[in-house]
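Asks: Just a sequence and a predicted model for now, questions to come.
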Amino acid sequence: MTTDRNGRRIATDGGEEFEEYADLGATTADAMAIAETSMDRVHELVPQERPNDRLRAKSVHATGDSEFQYLMRFANDPVPAGARAVLDERPIVTDITMVKSGITGRGHDCEVRKAIGNGAELAAETGMTRTAASVLELDREGVYEDAIAVVGNAPTAALALADCIEQGTRPAVVVATPVGFVKAAESRQRLRDVVGEYDVPAVTNVGRRGGSGLAAGLTNEFVHVASDVRSGETTLDALEAGEL
């Protein structure tokens, strides 16, 4: 593994060098070719004109559905906020293990942790779901403050996170795509209302669809944007100005 003049990591395969795409995890020349071709096709469907288009493209790539780009919703410039949080090595906190497993291990030095597994006593005492209790427990510990808060599965975790924000917690950015027929759409709407009121950057979607893979993919795009900032391909100022 070497680096180019911009500091980007260059992987080698049989003597051939190629830029490593941390977001997709390609580690061989063949894998890199597949990753590039895949994203080229996605970008034909989602032209890259504004920072949020990167998240729209990632939603299409993660779901395999070109129409998903129209279901995405953004609040308070999540792309520069997410990239800045990655560059500042803020923790990434997911609701469940599946989302945590989907977060790339390359291109960042952020601690990645899951909420589930915390708050067992609170869940037993109150009867609330384990995921909701885990979010509230970590919030009591201050874990969500300035963190990248990611909910990919549990609507009750999204609702609990909304309560935490309403009560004063300020994540650096929120990714919320809980999936399902019960409370999923409502939980995302509740989050949109709250982040809008308190100026918290966030990316969500509308409808019943969503899921862990989508949440992880959107979070990984923040990592990729941060890598582009490090390499000089863009700047946080440009992203905040709505430029790529």
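Replies: Sure, I can see it. Remember, predicted model here, so these are calculated numbers, not experimental data.

Asks: part of a helix, is Phe68?
Replies: Yes: checked against DSSP: H, G, I helix; E, B strand; the rest coil, Phe68 lies within a helix.

Asks: Show the contacting residues for it.
Replies: Ser59, Val60, Asn205, Arg209 (C-beta atoms under 8 Å, 6 or more residues apart in numbering). Placement of C-beta: from N, CA and C, glycine included.

Asks: pretty sure the second one is touching Ser66, no?
Replies: Yes: because the distance of 5.5 Å satisfies C-beta atoms under 8 Å, Val60 is recorded as touching Ser66.

Asks: Between these two, which contacts overlap?
Replies: With contacts defined as C-beta under 8 Å, 6+ apart, the residues shared by Val60 and Ser66 are Leu45, Val46.

Asks: Check the gap between the spatially most central residue of the chain and Arg192 for me.
Replies: Taking C-alpha atoms, centre = their mean, the centroid of the chain lies closest to Thr219, which sits 1.9 Å from it. Here the criterion is C-beta to C-beta, to the nearest Å. By it, Thr219 lies 18 Å from Arg192.

Asks: re the thing from before, out of the contacts of Phe68, which sit inside helices?
Replies: Members of those lying in helices (criterion: DSSP state H): Ser59, Val60.

Asks: Most neighbours of all the contacts of Phe68, which one?
Replies: Within the contacts of Phe68, Ser59 tops the neighbour count with 28 neighbours, counted by other C-beta atoms under 10 Å.

Asks: measure that residue to Asn205 for me?
Replies: Noted for Ser59: a distance of 7 Å to Asn205, by C-beta to C-beta.

Asks: Likewise for Ala33?
Replies: When Ala33 is compared with Asn205 (using C-beta to C-beta), they lie 30 Å apart.

Asks: ok so Phe74 is a strand residue?
Replies: Yes: assessed by three-state DSSP, Phe74 belongs to a strand.

Asks: My read is that it contacts Val203, right?
Replies: Yes: the criterion here is C-beta under 8 Å, and Phe74 meets it with Val203 at 5.5 Å.

Asks: quick one, which of the two is more surrounded?
Replies: Neighbours per residue, other C-beta under 10 Å: of Phe74 and Val203, the larger number sits with Val203, 30 against 17.

Asks: Check the secondary structure at that one for me.
Replies: strand.

Asks: For burial, what's the neighbour tally of Val143?
Replies: 20.

Asks: wait, Ala35
Replies: Ala35, neighbours per other C-beta under 10 Å, totals 17.

Asks: Tell me where the longest helix sits in this structure.
Replies: Ordering each helix of the chain by length in residues (DSSP H) puts helix 212-231 first.

Asks: name the helices or strands packed onto that helix?
Replies: Where contact means 3 or more C-beta pairs under 8 Å, 6 or more residues apart in numbering; DSSP states H and E, helix 212-231 is packed against helix 51-63, helix 78-87, strand 92-94, helix 97-102, strand 148-151, strand 173-176, helix 236-240.

Asks: and for Phe74 and Val203, which residues touch both?
Replies: Contacts common to Phe74 and Val203, judged by C-beta under 8 Å, 6+ apart, are Leu55.

Asks: Between the contacts of Phe68, which sits nearest Ala115?
Replies: Asn205 (20.2 Å; C-beta to C-beta).
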